[in-house]
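> here's my sequence, what's the structure:
(chains A and B)
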Amino acid sequence: MSEQLNTGDKKPEFWRWQENCWADETKDWRSAKAVTVGIDVGSVSSQCVIVADGELYAYNSMRTGNNSPDSARNAFKGVTEKTGLTLDDVHMVVGTGYGRVNVPFSHKAITEIACHARGANYMGGNKVRTILDMGGQDCKAIHCDDKGKVTNFLMNDKCAAGTGRGMEVISDLMQIPIAELGPRSFEVDEEPEAVSSVCVVFAKSEALALLKGGYTKNKVIAAYCQAMAERVVSLLERIGVEEGFFITGGIAKNPGVVKRIEKLLGIQAMNTKIDSQIAGALGAALFANTLVQKQGPLAPIAA
Amino acid sequence: MSDQLFDQFKTWYEKRHDYARAWKQRTGGQVVATMCTYTPEELLIAAGMLPVRVLGAHEPQNVSEPHIFGMFCPFCRDSLAQGLLGRFDYCEGVTLTQSCIQYRQAFGSWRMHVPTVQWDYYCPMPNDVQSPHARKAHSGEVQRFREFLEQLTGQKLTDDKLNAAIALVDENRRLLRQIYDYRKEANPKVTGTEAVYAALTAQFVDKAEHNAAMKKVLAALPGRKMDREEGIRFMTIGSENDDIAFMNMVESVGSTIVIDDQCSGTRYFWNESKPNGNPVKTIAERYCDRPACPTKDYPSHTRFDHVLNLAKDYNATAAIFLQQKFCDPHEGDYPDLKRHLESNGIPTLFLEFDITNPIGPFRIRIEAFLETLREDDLF
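Sure thing, here's the model as predicted:
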């Protein structure tokens, strides 16, 4: 599973998650009547999704750079290289995420809350009612209707605790590739108590103390995953969890957190074969597709 | 708005300390820092003083922590910080009328640690204003405050002086309500930010001057043309709010704030007094009867229906709770008030405010809330 690591003389980057560019080889965007783009510039990752006639066609998921416009351009560039599609071939672009107003070539900005709900509705179907988006630096609990329209939501406040960035820090601290954290959190003789703080800074010092106290790395990871699960469950319980529970965002790929959330809530998260990290950009592209159907295509805006 | 109609209020707000210093130089009168809108300003005005409400600065500060706890509300901490930083060094006096315990601690620290304070007065107003004894008790406290000021200034606060002050303050309240009436209209001629400027400046500008400025605005408002879209009509609910950056953000993303239930807004000026021949009693009863702060709203919750009626009268589509972090009285009311509004068709959004607020994350929440309220073409 180790997809990181030895990068010449560079220090290994255990936190570095797999960037991914994909296109549906069975389809050709050239035969689609409507091609729309969703760009999600988040605090940690950026995605570009191409939707052709309302169906997922291609995406690129990569780390957010040091400015939002370049992150958006680079995310789109990845799919251009993969598919040959250029902005001139696109009928509408919607930006979302923290950098949504800084996507230079977008026609409209829609919040990631609305986009994640719409994306989850596509990925999990019209039974999805409660969405947990576990992003890079925040967490959102969202309720939606059968169309994916948001009916209620809550966000965590001002803090990266219990989010993807926190998991990256633990990964580096434990010197274990981030994709291995979840599986290894189950390789423990007994389930430990959660670390008492999920504050990224305090958790780091607490994790070190546990290691010194005789915990194995796996047990420390388990304690951190449990703390993260408890934190997001408390957020979810403030809004209420309905059947049709779906998790989006990078942490959805971490079974160490997901299974613990499921255990605490007593319900299973719905499955999908689509990368959970692209939900926001997918929702944005789907909104763009709906707008093209209702209002017609728009001329491209230069990147 | 490009017509600069409310610029006088904006300038007063932004340069409030300069205003107070200039007033003092011009009149030779004392300036008094007031720490709650239950303060019977009429007494101070009758004594020739300028009541100036202590507001925060919404800047990071590191001076209040040795004096009051970090888990006191941000408004209390910021208010104390402004005193400790010398921003109100022109105030001879400081006064608080009892509302919440955190405010009282902030006041206590102000009078102990702000070196320029020459006198202070704590007015122990009953919190149970619904008690049959409250009005009498508060009349006694207002009378005691009157006597304190007489002793301080060496001048009698005659009934005539009190009646004149009552009339002046009532006129201020009446004019503010007239400005607020324009917010009932479709695409209102007064934005939420402009209304906050008008209501907040009333709390530290000389009332006669403030009244004159409001009359000018009221004369121009009928012909005012708005160059902005109305969007969704919001109500704001909470304690103090003068976070102009937040208000501007909300009104820049497709909404208009049309009414509030906040002590920086309607709760300060909503009701006029009912003169009854005894000015002390008149003043005391006006404050007992005003729209209640949660600290003074038991055993009956009178404010729940008051807030709902405001939302209906001003045709608000939804309400935003601007919750000062750690403000227990408002947090205590929140679940029931939320339920009351939502069961009557007013959706709500809860935002927790600190001394400085993250505009980006707040903007996501506001925009997402707007998306749930709009019937867009997205579905």
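
> now the single nearest residue of the stretch 101-250 of chain B relative to chain A: how far from A:Val101?
Closest approach of the stretch 101-250 of chain B to chain A (Cβ to the nearest Cβ) occurs at B:Met249, with a separation of 12.0 Å. In short, each C-beta sits where N, CA and C put it, glycine included. Distance, B:Met249 to A:Val101, by Cβ to Cβ, to the nearest Å: 12 Å.

> go on, B:Pro132?
Distance from B:Pro132 to A:Val101, by Cβ to Cβ: 57 Å.

> so which of these two has more stuff around it?
A:Val101 (14 against 7; other Cβ atoms under 10 Å in any protein chain shown).

> quickly list what the closest residue to that one other than its chain neighbours is bridged to.
In space, and not counting its chain neighbours, A:Val101 is closest to A:Ala109: 5.2 Å by Cβ to Cβ, 6 or more residues apart in numbering or on different chains. For A:Ala109, the beta-bridge partners under DSSP bridges are A:Gly95.

> list the residues that contact A:Ala109.
A:Val94, A:Gly95, A:Thr96, A:Arg100, A:Val101, A:Val103 (Cβ atoms under 8 Å, 6 or more residues apart in numbering or on different chains).

> please apply the same query to A:Thr272.
A:Met123, A:Gly124, A:Phe246.

> returning to that earlier point: for the residue of the stretch 101-250 of chain B closest to chain A, identify the helix or strand it belongs to.
Element membership for B:Met249, per DSSP states H and E: helix B:244-252.

> for the residue in the stretch 51-200 of chain B that chain A sits nearest to, grab phi and psi.
Closest to chain A within the stretch 51-200 of chain B is B:Pro74: 12.8 Å, counting by Cβ to the nearest Cβ. Dihedral angles of B:Pro74 (phi, psi; degrees, to the nearest 10) stand at phi -60, psi -30.

> next one: the one 5 residues further on
The main-chain torsion angles of B:Ser79 are listed as degrees, to the nearest 10 and equal phi -60, psi -40.

> so what's it closest to, chain neighbours aside?
Using Cβ to Cβ, 6+ apart, the nearest residue to B:Ser79 is B:Val54, at 4.6 Å.

> is it true that that neighbour touches B:Val32?
No: contact criterion Cβ atoms under 8 Å: B:Val54 and B:Val32 do not qualify, at 10.2 Å.

> now do the shared contacts for these two.
Common neighbours of B:Val54 and B:Val32 (Cβ under 8 Å, 6+ apart) are B:Val94.

> in the stretch 1-150 of chain A, which residue sits closest to chain B?
Across the stretch 1-150 of chain A, the shortest distance to chain B (Cβ to the nearest Cβ) belongs to A:Ile113, at 3.8 Å.

> can you give me the neighbour number for that residue?
28.

> and B:Gln61, by the same measure?
B:Gln61: 18 neighbours (other Cβ under 10 Å).

> show me what contacts it?
B:Arg77, B:Asp78, B:Ala81, B:Leu85, B:Ile355.

> counting by contacts, list what the helix holding B:Met249 packs against.
Packing partners of helix B:244-252 (3 or more Cβ pairs under 8 Å, 6 or more residues apart in numbering or on different chains; DSSP states H and E): helix B:192-201, strand B:255-261, helix B:359-373.

> which one of these is the most hemmed in?
Mean neighbour count (mean count of other Cβ atoms under 10 Å in any protein chain shown) peaks for strand B:255-261 among the helices and strands packed on helix B:244-252, with a mean of 26.

> which stretches of the stretch 101-250 of chain A have low pLDDT?
Along the stretch 101-250 of chain A, the model assigns pLDDT under 70 to residues A:157-162, A:198.

> before we move on, back to that, and the contacts of the helix holding B:Met249?
Here helix B:244-252 makes contact (Cβ under 8 Å, 6+ apart) with B:13, B:58, B:191-193, B:196-197, B:228, B:234, B:241, B:257, B:320, B:322, B:353, B:357, B:359, B:362-363, B:366.

> list the buried ones in that helix?
B:Ile244, B:Phe246, B:Met247, B:Met249, B:Val250, B:Glu251 (16 or more other Cβ atoms under 10 Å in any protein chain shown).

> likewise stretch B:123-141?
Buried residues in stretch B:123-141 (16+ other Cβ under 10 Å): B:Cys123, B:Met125, B:Pro126, B:Asn127, B:Val129, B:Ala134, B:Arg135, B:Ala137, B:His138, B:Ser139, B:Glu141.

> now, the residues you listed that are in strands?
Under the assignment DSSP state E, those contribute B:Cys123 to strands.

> of the buried residues of stretch B:123-141, which ones also sit close to chain A?
The subset of the buried residues of stretch B:123-141 within reach of chain A, counting by Cβ under 8 Å from any Cβ of the partner chain, is empty.

> show me the two of the buried residues of stretch B:123-141 that sit farthest apart.
B:Asn127 and B:Ser139 (16.1 Å; Cβ to Cβ).

> so which residue of the stretch 151-300 of chain B comes closest to chain A?
For the stretch 151-300 of chain B, Cβ to the nearest Cβ, closest residue to chain A: B:Val253, 9.9 Å.

> and what of chain B?
Ranked by Cβ to the nearest Cβ, the top residue of chain B for proximity to chain A is B:Ala368, at 3.8 Å.

> can you pull the contacts of the closest residue to B:Phe107 other than its chain neighbours?
Nearest non-adjacent residue to B:Phe107, counting by Cβ to Cβ, 6+ apart: B:Leu96, 3.8 Å away. Taking Cβ under 8 Å, 6+ apart as the contact definition, B:Leu96 lies against B:Thr34, B:Met35, B:Cys36, B:Thr39, B:Tyr103, B:Arg104, B:Phe107, B:Tyr122, B:Cys123.

> roughly how far out does the helix or strand hosting B:Leu96 sit from the chain middle?
With secondary structure defined by DSSP H and E, B:Leu96 is part of strand B:93-97. Computed by Cα atoms, centre = their mean, to the nearest Å, the chain-centroid distance of strand B:93-97 equals 16 Å.
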